[in-house]
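Q: I would like the atomic coordinates for the input below:
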Amino acid sequence: MIDDSARGLSREYYSDDQIEGAIQTVFGVDTDLILDGTYLVAETATQIVGCGGWSKRKTLFGGDQFTSRDHTLLDPRLDPAKVRAFFVHPEFARIGIGRRILTMCETEAKSYGFHSIELMATLPGVPFYNSCGYREVSAFELGIGRNVKLELVRMSKEIDNSSS
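A: Next up, the predicted model:
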């Protein structure tokens with residue numbers, strides 16, 4: 001499903017080389033999210049149609065195959081939680097699945113005491129995250145292979161803990 005999402009929803013933003021390079025080196029599930037119980041999936045009776053999670057660890061992005069990972073736990077009083085590994089199947093895009101998963105992630109992170117949350121968005125994800133209240137912090141280019149770079153955008157959002 002992750003590969004289908006990347007191939008189906010990224011074509012307007014990235015070249016084939018960028019998409020395939022990202023699938024091989026970055027996009028994927030981080031098993032820390034599963035082990036931590038912070039990874040969510042949306043499914044029909046027959047297939048997974050969306051997934052995403054949040055993390056209380058320092059790694060900002062990248063699945064298990066991504067080599068730059070830091071498993072260190074964050075301090076919710078000082079550090080932002082991380083939104084991670086969001087993908088929606090192209091046939092189920094733009095009907096609210098990603099938004100529901102994101103809302104659940106934000107609610108859970110808030111319940112753990114986090115005051116802010118950040119993520120590294122792909123270019124197709126930037127408009128979605130903007131619509132959910134995230135602000136763009138900085139652009140980033142990730143080398144993913146021979147002369148191939150993937151443009152990403154670091155984004156953040158404050159979590160209102162006043163009602164906690």
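
Q: hang on, residue 150 in a strand?
A: Yes: per DSSP: H, G, I helix; E, B strand; the rest coil, residue 150 lies within a strand segment.

Q: pLDDT value on it, please?
A: pLDDT, residue 150: 97.

Q: next secondary structure element downstream of the helix or strand harbouring residue 33?
A: Residue 33 belongs to helix 31-36 when elements are defined using DSSP states H and E. Beyond helix 31-36 on the C-terminal side, the first helix or strand identified by DSSP H and E is strand 39-43.

Q: for that following strand, buried residues please.
A: The neighbour-count check on strand 39-43 (16 or more other C-beta atoms under 10 Å) flags 39-40, 42 as buried. (Each C-beta comes from the backbone N, C-alpha and C, glycine too.)

Q: please apply the same query to stretch 124-135.
A: If you call a residue buried by 16+ other C-beta under 10 Å, then stretch 124-135 has these buried ones: 124-126, 128-129, 134.

Q: with respect to residue 95, which of those residues is nearest?
A: residue 128 (12.4 Å; C-beta to C-beta).

Q: part of a strand, is the closest one?
A: No: read with three-state DSSP, residue 128 is helix and lies in no strand.

Q: residues in contact with it?
A: Neighbouring residues of residue 128 by C-beta atoms under 8 Å, 6 or more residues apart in numbering: 98-99.

Q: I appreciate the help and will end here.
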